[in-house]
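A.B. asks: got a predicted structure here, sequence first:
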Protein chains: 2
Amino acid sequence: MDAEIIAVGSELLTPYRLDTNSLFLTEKLNALGIEVRFKTVVGDDRVRLAEAFRAALGRSQVLVLTGGLGPTEDDVTREVVAEVLERPLHEAEEIRRGMEERFARLGRTMAPNNRRQAMVPEGAEWLENPDGTAPGLWIEQDGVIIMLLPGPPREVEAVFSTACVPRLERIATGQRLRSRVYKVVGLPESEVDQRIAPVYKPYQNPTVTILATAGAIEVHLRARGATAEEADGLLADLGDKIEMALGDHVFSMHGETLEEVVGMYLVMKQRTVATAESCTAGLLSQRLTRVSGSSNYFLGGAVVYSNELKTKFAGVPAELIRESGAVSKPVAQALAEGIRQRTGASIGVGITGIAGPTGGTPEKPVGLVFIGLADARGTQVREFRFPGDRERIRYWASQAALEMIRRRVRT
Amino acid sequence: MDAEIIAVGSELLTPYRLDTNSLFLTEKLNALGIEVRFKTVVGDDRVRLAEAFRAALGRSQVLVLTGGLGPTEDDVTREVVAEVLERPLHEAEEIRRGMEERFARLGRTMAPNNRRQAMVPEGAEWLENPDGTAPGLWIEQDGVIIMLLPGPPREVEAVFSTACVPRLERIATGQRLRSRVYKVVGLPESEVDQRIAPVYKPYQNPTVTILATAGAIEVHLRARGATAEEADGLLADLGDKIEMALGDHVFSMHGETLEEVVGMYLVMKQRTVATAESCTAGLLSQRLTRVSGSSNYFLGGAVVYSNELKTKFAGVPAELIRESGAVSKPVAQALAEGIRQRTGASIGVGITGIAGPTGGTPEKPVGLVFIGLADARGTQVREFRFPGDRERIRYWASQAALEMIRRRVRT
C-alpha cells in the first residue's frame, strides 16, 4: 500500500511555515508497512485542492489530508473532498451536540460558524478529536482510504494515533516495517560509511541510511517482515554487526540524546559535574540540564567569558592567561581543575576556544577549541578544530565535551 | 505568475527530513511578486517524478525543481525533465571541463559518474554553482520557466540568488511584493491582535499575518506595488500605524533577534552584563553570546544549580535560601545583586525557578520563575508563571530576562 499526504493551508505556502505533521504521519505509516510516495502542500483554495486530491485518488491507496477543517470560510477541505467523491454533506447531530457541550464546559457559546465542523460526507466515519473541536473523518471509496485530519500538530497526533492507526492495522495486511537508529559520535560520516558499508551492503532488508545531524552521525536501519517480530529479528541481526563495527562510538540505540546518555552514566556511577565555559558560554550546562533530574549530578558552573572571571570563578592564574593566552591547553586544564576544586564536583570540565567569526589569528584560527576534563584520576585536555560558523563551532564543542564526559564516566 | 516547487529525494519522504529549501525559494519568489501555489515532494523515482512534473507543467508558469542532480544512478531529475520536455541530453563540454578543473584543484580525479552532471537538455541554459559540482539548469518552454537546482541548501541559495533571481527580474513583469516583520515581546497573541486588528482590517494591501513563535509574536506585513518603492510606501504607511499601536513592545523590525537588539543597546550605552542562572542553567548567557562581539558587553556569569553554588558564586546567604526557598523573590534579588557585585558588571541578572516536570508544589508550581535585575539604579524582581514543558519554560525565562535588560538599558 502506498500513501500520500496532502497538507492544506495557505500559511504553509509562505516563507514562514513548513508542514511538519508529515514527519509524524510518515513514521506511523512506515511502521504499518505503508510507504509515503508523495507529499503535497496546497493553499486554502477549492480548485487547486480538488486538483491535488483528484491526482492523489488516482494513484495512491492511502490518503491523509491535514488542515482546512476549521470553522471559517477559509477551511475548505471537507467541502472539496465531499464534492470530488460526490458524497453530499449532512450535519452529524452527535458531533454538533459534542461540540456544544465542549463550548459549554469552557463557559462559552458556540458560534454558528462552528456548525460547519459537524458536517460529514455521506458514508464517512468521524474520528473523535480529544484536543480540539474539529473531528477527523475516515472515508473508504473504491479501495482507497481517505483520512481528513485537523491541522494543529497535537490534534493530528491525537486523532491519528487513537483512531487511524488501529483501523489501518486491521486493514494493512502487508508487511510490517520496524526501524532502529544508531547515533554515533567522534567519527566523521565518511568513516562511519567505510566501517559499515561492507557489513550492510549484502543486505536488501534491512535498508540502511546514514544521516549527518548536528554533532552526530545517525545510522538508520529499516526492516520489513511479515510480522513486527520478524522485522525486529532482521534489525537485531544486522544491527548487532553494525554496532560491532562502530564500537564504542555508538552512544545511543533508542533515540536518546548524548546529554541523556551522559546523565544516565553519571547517575549510575554517582558522579557530579561542574563546568567552566568560555566560548560555549553556558551551552554545555544548558544541554546537561535539559534532562529532567539533572540536579542530581549537575552542580553548576561558571561562564567565564572575560579573563578576570576565569581567574575569579575558576582560579586560573592571571599569569597563565598572560603567558599561554586565554585559548590554550594550559588554560583549559586550569579551568577544569579550578572549577572542580571550587565546586567539589567529581568531574570538572573547562572549555576555551575561538567561536568566531572574529578573533582568529594564523596560529589560533576560528574553530580552535581546547577542552579539559579533570577528575580524581587526573586531567585530560584535547585540542579540536571545528569547522563551520559560530553556532556550529559552539555546538560541536559542547558535543565533544559531553563525549569526553561519557568516555570518562563509562569505564 | 504562479510558481510551484518540486523537491526531489527519497530522503524527503522519510520521517527524518523535511524540504526546507522551499522556505528560502518562496521568500525570493514572493519578493518578485510570484506566489507559490503548490509544493510537492517526490522520491528518486522516474515514473512518479514524471507524473508530478507533468502536472506542474500544466498549471504553473514557474517551476522550481530541487535535488536529484547528483552524480549517482539515484539522481534522475535531469533525465526525467529532458524526457518529458522531449529535449535530448548532450554533454556540455564547458561544464565537464569546469568540473575536471574543480576536482584537480582539490587534488582529486573526477569519477566517470560525475560526467552525468555535465549533461544538459537541448536548449537549456546552465547556471553556475559556486558551491558544488552540479550546475543548475534553466529551460523555457511554451511560456513556462523551469529551473533545476541542486538539493543542498547552500547550493540552492547560491544558484538561485546569483543566476535565477536576475533572470526572473527581467521576466516578472507583474507587481513587486515587499514584506516587513515586527517582532513583539511581552504581549500575548490575542492582545496583539486586539490592538492592531482595527488598524489593519480596512486594508487589503498590505496583508497582515500574526504568527506566534518561541518567545515572541511576529506581525508579518506583505505589500504589493507596481514597483518595489510603491510596495515599500504601502508597508511604511500601515507599518507605522501598527508600530504605534504596539508601542514599545516592538523590539525588532528588520529580523533582529532579541539578543541582538539587547546587545546593540548595551554597546550603545556602554554597559556590561553578568548572569547568575539557576533553572535556565546557562541558556541566557548562551543566547547573549550568540551575537558576535558580545565579549564587549558580556563578562560571564555563574550557573548556580545547587544551593551551595548560589552562595559560593553569587554570594546568596545560605540563611536566605533556607528561609525563603531557592525559588523566591529574595533569592532572585540576591542572585542579581551578588553576581553584579562579584563581577563588577553594570547589570546583574539572576534567574531562579521551577522548570519541571518534577519539583513543583501547590505554592510553587512548575513554571514559576523569578527574575532579578540589578544596576546602579536599584534592583527590580519580576515573578512569572510560564506555561509549557521544561524546554519552553526555560526559553520563556531567558526571553523575559532579555526583555528586562532591553527595557532597563533602553532608557
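C.D. replies: Structure received.
A.B. asks: rest of the way, CA atoms for contacts and neighbours
C.D. replies: Noted.
A.B. asks: tell me, how many residues neighbour residue A:408?
C.D. replies: Residues within reach of residue A:408, counting by other Cα atoms under 10 Å in any protein chain shown, total 17.
A.B. asks: distance from the centroid: which residue in chain A tops it?
C.D. replies: Largest separation from the mean C-alpha position in chain A: residue A:319, at 45.0 Å (Cα atoms, centre = their mean).
A.B. asks: you'd agree it is in a helix?
C.D. replies: Yes: counting by DSSP: H, G, I helix; E, B strand; the rest coil, residue A:319 is located in a helix.
A.B. asks: name the single longest helix found in chain A.
C.D. replies: Longest helix in chain A by number of residues (criterion: DSSP state H): helix A:390-410.
A.B. asks: helices or strands next to that helix in the packing?
C.D. replies: Judged by 3 or more Cα pairs under 8 Å, 6 or more residues apart in numbering or on different chains; DSSP states H and E, helix A:390-410 is in contact with helix A:258-268, helix A:283-288, strand A:347-353, strand A:368-375.
A.B. asks: next, the angle strand A:347-353 makes with it.
C.D. replies: Going by axes from the mean of the first three to the mean of the last three Cα atoms, to 10 degrees, helix A:390-410 is angled at 160 degrees with respect to strand A:347-353.
A.B. asks: that older thread, need the helices and strands packed on helix A:390-410 in CSV with mean pLDDT, can you?
C.D. replies: Formatted as CSV, the helices and strands packed on helix A:390-410 follow (pLDDT from 0 to 100):
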stretch, mean pLDDT
helix A:258-268, 96
helix A:283-288, 97
strand A:347-353, 98
strand A:368-375, 98
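A.B. asks: adding mean neighbour count and distance to residue B:223, write the ones you listed out as JSON lines.
C.D. replies: As requested, the helices and strands packed on helix A:390-410 are exported to JSON lines (neighbours: other Cα atoms under 10 Å in any protein chain shown; distance: least, Cα to Cα, whole Å):
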{"stretch": "helix A:258-268", "mean neighbour count": "20", "distance to residue B:223": "45"}
{"stretch": "helix A:283-288", "mean neighbour count": "25", "distance to residue B:223": "40"}
{"stretch": "strand A:347-353", "mean neighbour count": "30", "distance to residue B:223": "45"}
{"stretch": "strand A:368-375", "mean neighbour count": "25", "distance to residue B:223": "45"}
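A.B. asks: now distance to residue A:13 too, for the ones you listed, in CSV please.
C.D. replies: As requested, the helices and strands packed on helix A:390-410 are exported to CSV (distance: least, Cα to Cα, whole Å):
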stretch, distance to residue A:13
helix A:258-268, 35
helix A:283-288, 34
strand A:347-353, 41
strand A:368-375, 41
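A.B. asks: ok, which of those comes nearest chain B?
C.D. replies: Chain B lies closest to helix A:283-288 among these, at 5.1 Å (Cα to the nearest Cα).
A.B. asks: contacts for that closest one, please.
C.D. replies: With contact meaning Cα atoms under 8 Å, 6 or more residues apart in numbering or on different chains, helix A:283-288 is reached by A:259-260, A:263, A:275, A:277, A:294, A:298, A:300-301, A:394-395, A:398-399, A:401-402, B:280-283, B:286, B:303.
A.B. asks: over to stretch A:82-97?
C.D. replies: Against stretch A:82-97 from outside (Cα under 8 Å, 6+ apart): A:50, A:54, A:79, A:115, A:117-123, A:135.
A.B. asks: report the angle between the longest helix of chain A and strand A:368-375.
C.D. replies: Using the same axes, to 10 degrees: helix A:390-410 against strand A:368-375 is 20 degrees.
A.B. asks: would you mark the buried spots in helix A:390-410?
C.D. replies: Under the neighbour-count criterion of 16 or more other Cα atoms under 10 Å in any protein chain shown, helix A:390-410 has A:390, A:392-406, A:408-409 buried.
A.B. asks: parallel or antiparallel, which strands does the helix or strand of chain A with the lowest mean pLDDT pair with?
C.D. replies: Ranked by mean pLDDT, DSSP states H and E, the weakest helix or strand in chain A is strand A:207-213, scoring a mean of 84. Using DSSP bridges, the strands paired with strand A:207-213 are strand A:216-225 (antiparallel).
A.B. asks: from the chain's centroid, how far away is the helix or strand where residue A:158 lies?
C.D. replies: Using DSSP states H and E, residue A:158 falls within helix A:153-159. Centroid separation between helix A:153-159 and its chain, computed with Cα atoms, centre = their mean, to the nearest Å, is 17 Å.
A.B. asks: and that helix, C-alpha only, in CSV?
C.D. replies: C-alpha atoms of helix A:153-159 as CSV (Å, rounded to 0.1, in the frame of the first residue of the first chain):
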residue,chain,number,x,y,z
PRO,A,153,0.2,19.0,15.3
ARG,A,154,-1.2,18.0,18.7
GLU,A,155,-4.6,17.2,17.1
VAL,A,156,-3.1,15.4,14.2
GLU,A,157,-1.1,13.2,16.5
ALA,A,158,-4.0,12.5,18.9
VAL,A,159,-6.6,11.7,16.2
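A.B. asks: buried sites along it?
C.D. replies: Quick answer for helix A:153-159 (16+ other Cα under 10 Å): A:153, A:155-159.
A.B. asks: could you do stretch A:290-305 as well?
C.D. replies: A:290-292, A:294, A:296-305.
A.B. asks: next, count neighbours for residue A:269.
C.D. replies: If we define neighbours as other Cα under 10 Å, then residue A:269 has 12 of them.
A.B. asks: that one contacts residue A:406, doesn't it?
C.D. replies: No: with contact defined as Cα atoms under 8 Å, residue A:269 does not count as touching residue A:406 (11.2 Å).
A.B. asks: with adjacent residues omitted, what lies nearest to the residue nearest the centre of chain A?
C.D. replies: The residue lying closest to the centre of chain A (Cα atoms, centre = their mean) is residue A:255, at 8.9 Å. Excluding its sequence neighbours, the residue lying closest to residue A:255 (Cα to Cα, 6 or more residues apart in numbering or on different chains) is residue A:181, at 6.7 Å.
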